[in-house]
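In: Below: sequence and its predicted model.
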Amino acid sequence: MSPGLRWIRLAAILPAAFLAAACGSDDPKPSETHPGAAILSLEARPEVVAKAGDTATISWKTKNATSVELRRNDEALPLGDASAADGSVDVVIDGP
């Protein structure tokens with residue numbers, strides 16, 4: 001795999017990792033009445049993006065999450081009307 005293709009593949013996967021880190025609860029000690037957030041599923045499709053400018057769809061399902069945030073280069077991406085419980089967003093992949 002060429003270094004450029006590997007970078008684009010990582011570019012599609014890394015936003016998903018940032019999403020996963022952002023779904024947690026602010027409550028340091030979850031209880032039965034306020035359980036912590038859980039990520040039930042998290043996907044990026046396609047898994048490999050051929051070139052810059054292509055689009056990947058990041059989708060998620062969570063439990064007890066009050067919000068989700070998808071970040072790229074330390075900036076929040078707009079999620080439109082996607083919900084914290086079940087949503088998806090199309091992300092245009094930047095090139096090197």
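Out: Cool, the structure landed.
In: Local confidence estimate at T57?
Out: Listed pLDDT for T57 reads 94.
In: Would you tell me what the next helix or strand after the helix or strand of the chain with the lowest mean pLDDT is?
Out: Sorting the helices and strands of the chain by mean pLDDT, DSSP states H and E puts helix 3-21 at the bottom, at a mean of 44. Sequence-wise, the next helix or strand downstream of helix 3-21 (DSSP states H and E) is strand 38-45.
In: Give me the neighbour count for the nearest residue to L77 once chain neighbours are set aside.
Out: For L77, ignoring the flanking residues on the chain, the nearest one in space by Cβ to Cβ, 6 or more residues apart in numbering is L70 at 4.6 Å. The C-beta positions use only the backbone N, C-alpha and C, and glycine is treated the same way. By other Cβ atoms under 10 Å, the residues close to L70 number 20.
In: Poorly predicted segments of this protein, please.
Out: Scanning the chain for pLDDT under 70 picks out the ranges 1-34, 96.
In: cutoff 90 now
Out: Filtered on pLDDT under 90, the chain yields the residue ranges 1-37, 47-52, 66-75, 77, 93-96.
In: Got phi/psi on D74?
Out: Dihedral pair for D74: phi 60, psi 20, per degrees, to the nearest 10.
In: now K51
Out: Torsion angles, degrees, to the nearest 10, at K51: phi -150, psi 160.
In: That one touches G95, doesn't it?
Out: Yes - assessed by Cβ atoms under 8 Å, K51 is found in contact with G95 at 7.2 Å.
In: Neighbour count for the two, which is higher?
Out: G95 (13 against 10).
In: Surely that one forms part of a helix?
Out: No - assigned with DSSP: H, G, I helix; E, B strand; the rest coil, G95 falls outside any helix and is coil.
In: wouldn't it be in contact with A50 here?
Out: No - judged on Cβ under 8 Å, G95 makes no contact with A50 at a distance of 11.1 Å.
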